[in-house]
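1. no sequence on this one, just coordinates:
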């Protein structure tokens, strides 16, 4: 079963929702956050990336930054203003980007189920990133980042969604990244029915937000040790049915060719795998498009042997790592190697071409997207996908629904 719980949201007044909402804290660096928040004192980036309001060059993990986040959150609650709901509630949250639309249920989910792997993970987390958000949650006594969950679609939940979203929304605006955000407050009777319907969902899967969920679990443990009594037993998330969710590729760029010229690298690659002329977008699983020396090539991974028999190691990202990045480009742990970077699929192949043409990278790899069935099956088996396997777009906004703990 899946436990869904209503919560007393802290949220912007209707007229300030668009100004308050911001991109997730972890998709921008400090300078990008500072630029996005410039001229907008209501931007929630002042809370999630509070270093933008301190002198340039400050360590974003210094105690001063977390204290500033707490100060900014308190100020925003007055200035926006942020409304605190008097009664617990649930919400439907719809994202629309171009022709794609997805609607999920926003509420709180069980950290006990997370700890018992009933809420399933597919990637490992980094301790330093956990440390950051754990500290942020404890300082603010609030979860400000929303986890993106998915589940196998359920007819009863779909019917409730259609009924609630037929009425007027609480928020409805188009953000500056062209994504349309619409949120409905769920009436009390439908909230009870949703909680009951979710009890029939066999499993939830973290699509995006592993560090937010892990940090919520650590924050709960630390608050318990301090004797804090609050609402820290759950974490805020939006759960989307798998029928709505779209996974985009997570592409790779590498800064150099490990002392080879482009011709030497292409020769060494061709000795290991079939390589032909190609386009910027791979057409099937087992094909990777490579941009090298001003030209696109198609790498055929279909006959490449996985490192072991697991489904995770048969993914294209794993095969590319095992047969190309590690042996030819000396890229070891892609989570820590500074010579590799990653580009979300929403930015398109032109971003890869630009990275190479500008000299920021020597070679780029355009991947075929992982499927949601891959994600769920690997998670069900207790497996872990390679780092940077999936990119989810559109993104949920920070600041629209905050869970006070």
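-> Received, thanks. Because the structure is predicted, anything quoted here is derived from the model rather than measured. Numbering: from 1, shown residues only.
2. Work out for me the element residue 68 sits within.
-> helix 63-79 (DSSP states H and E).
3. name the helices or strands packed onto that helix?
-> Helix 63-79 is packed against helix 45-48, helix 127-140, with contacts defined by 3 or more CB pairs under 8 Å, 6 or more residues apart in numbering; DSSP states H and E. Yep, even glycine has a C-beta here, placed from its N, CA and C like the rest.
4. so what's residue 124 scoring on pLDDT?
-> Listed pLDDT for residue 124 reads 89.
5. For stretch 171-191, give me every contacting residue.
-> Stretch 171-191 is contacted by residues 6, 14, 17-18, 21, 23, 87, 89-98, 105-106, 160, 163-165, 167, 169-170, 194, 394-395, 397, 400-401 when judged by CB atoms under 8 Å, 6 or more residues apart in numbering.
6. If you count neighbours, what's buried in that stretch?
-> Across stretch 171-191, burial judged by 16 or more other CB atoms under 10 Å covers 171, 173, 175, 179, 181, 182, 183, 184, 185, 186, 190, 191.
7. can you put the residues you listed in CSV and add pLDDT?
-> Shown next, in CSV, are the buried residues of stretch 171-191 (pLDDT from 0 to 100):
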residue, pLDDT
171, 98
173, 98
175, 96
179, 96
181, 98
182, 98
183, 98
184, 98
185, 98
186, 98
190, 96
191, 97
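8. Closest to residue 310 out of those residues?
-> Distance to residue 310 across those (CB to CB) is lowest for residue 179, with 34.8 Å.
9. distance of the closest one from residue 323?
-> 36 Å (CB to CB, to the nearest Å).
10. where do the helices sit along the chain?
-> 17-20, 30-37, 45-48, 63-79, 111-115, 127-140, 155-164, 188-198, 210-225, 262-272, 316-320, 326-329, 348-357, 372-380 (DSSP state H).
11. looking at those helices, which is buried most?
-> When the helices of the chain are scored by mean count of other CB atoms under 10 Å, the highest mean neighbour count falls to helix 45-48 (a mean of 27).
12. tell me what that helix is packed against?
-> Counting by 3+ CB pairs under 8 Å, 6+ apart, helix 45-48 packs on helix 30-37, helix 63-79.
13. how far off helix 127-140 does the last one point, in degrees?
-> Helix 63-79 and helix 127-140 are oriented at 50 degrees to each other (axes from the mean of the first three to the mean of the last three CA atoms, to 10 degrees).
14. Grab the most central residue of this structure for me.
-> By CA atoms, centre = their mean, the chain has its centre lying nearest to residue 208, at 3.5 Å.
15. The closest residue to residue 118 other than its chain neighbours: what's it in contact with?
-> Once flanking residues are discounted, residue 118 sits nearest to residue 203: 6.3 Å by CB to CB, 6 or more residues apart in numbering. Contacts for residue 203 were tallied using CB under 8 Å, 6+ apart; they are 2, 118, 119, 120, 151, 152, 379, 380.
16. go with 7 Å
-> Contact analysis of residue 203 by CB atoms under 7 Å, 6 or more residues apart in numbering lists 118, 120, 151.
17. Let me have those residues in TSV, adding pLDDT, neighbour count and distance to residue 145 as columns.
-> As requested, those are exported to TSV (pLDDT from 0 to 100; neighbours: other CB atoms under 10 Å; distance: CB to CB, whole Å):
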residue	pLDDT	neighbour count	distance to residue 145
118	93	16	21
120	96	20	19
151	97	23	20
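18. Mind checking which of these land in strands?
-> Within these, residues falling in strands by DSSP state E are 120, 151.
19. Rebuild the contacts of residue 203 as a markdown table, extending it with distance to residue 385.
-> Formatted as a markdown table, these follow (distance: CB to CB, whole Å):
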| residue | distance to residue 385 |
| --- | --- |
| 118 | 19 |
| 120 | 11 |
| 151 | 18 |
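20. Closest one of the contacts of residue 203 to residue 80?
-> residue 151 (32.1 Å).
21. isn't that closest one right up against residue 238?
-> No: judged on CB atoms under 7 Å, residue 151 makes no contact with residue 238 at a distance of 11.3 Å.
22. Give me the residue ranges of the stretch 1-150 of the chain where confidence is low.
-> Residues of the stretch 1-150 of the chain meeting the criterion pLDDT under 70: none.
23. Please name the residues that touch residue 391.
-> 248, 249, 250, 344, 345, 346.
24. The fourth one: neighbour count?
-> Residue 344 has 18 neighbouring residues, counting by other CB atoms under 10 Å.
25. which outside residues touch stretch 136-149?
-> Around stretch 136-149, the neighbours that count as contacts under CB under 7 Å, 6+ apart are 24-25, 47-48, 66, 69-70, 73, 109, 133, 204-209, 212-213, 215-216, 219, 222-223, 230, 235-239, 392, 396, 398, 401-405.
26. rerun that using 6 Å as the cut-off
-> 48, 66, 70, 73, 204, 207-209, 212-213, 216, 219, 235-239, 396, 398, 402-405 (CB atoms under 6 Å, 6 or more residues apart in numbering).
27. got it, and stretch 287-294?
-> Here stretch 287-294 makes contact (CB under 6 Å, 6+ apart) with 262, 278, 280, 282, 296-299, 320, 352-353, 356, 363-366.
28. Out of the contacts of residue 391, which two sit at the greatest distance?
-> Once CB to CB is applied, the contacts of residue 391 give 250 and 346 as the farthest pair, at 10.4 Å.
29. more neighbours, those two?
-> residue 250 (20 against 16).
30. these two touch, right, the more buried one and residue 388?
-> Yes: assessed by CB atoms under 6 Å, residue 250 is found in contact with residue 388 at 4.7 Å.
31. overlap in contacts of these two?
-> Counting by CB under 6 Å, 6+ apart, the residues touching both residue 250 and residue 388 are residue 342.
32. what about stretch 351-370, start to end distance?
-> End-to-end span of stretch 351-370 (CA to CA, to the nearest Å): 20 Å.
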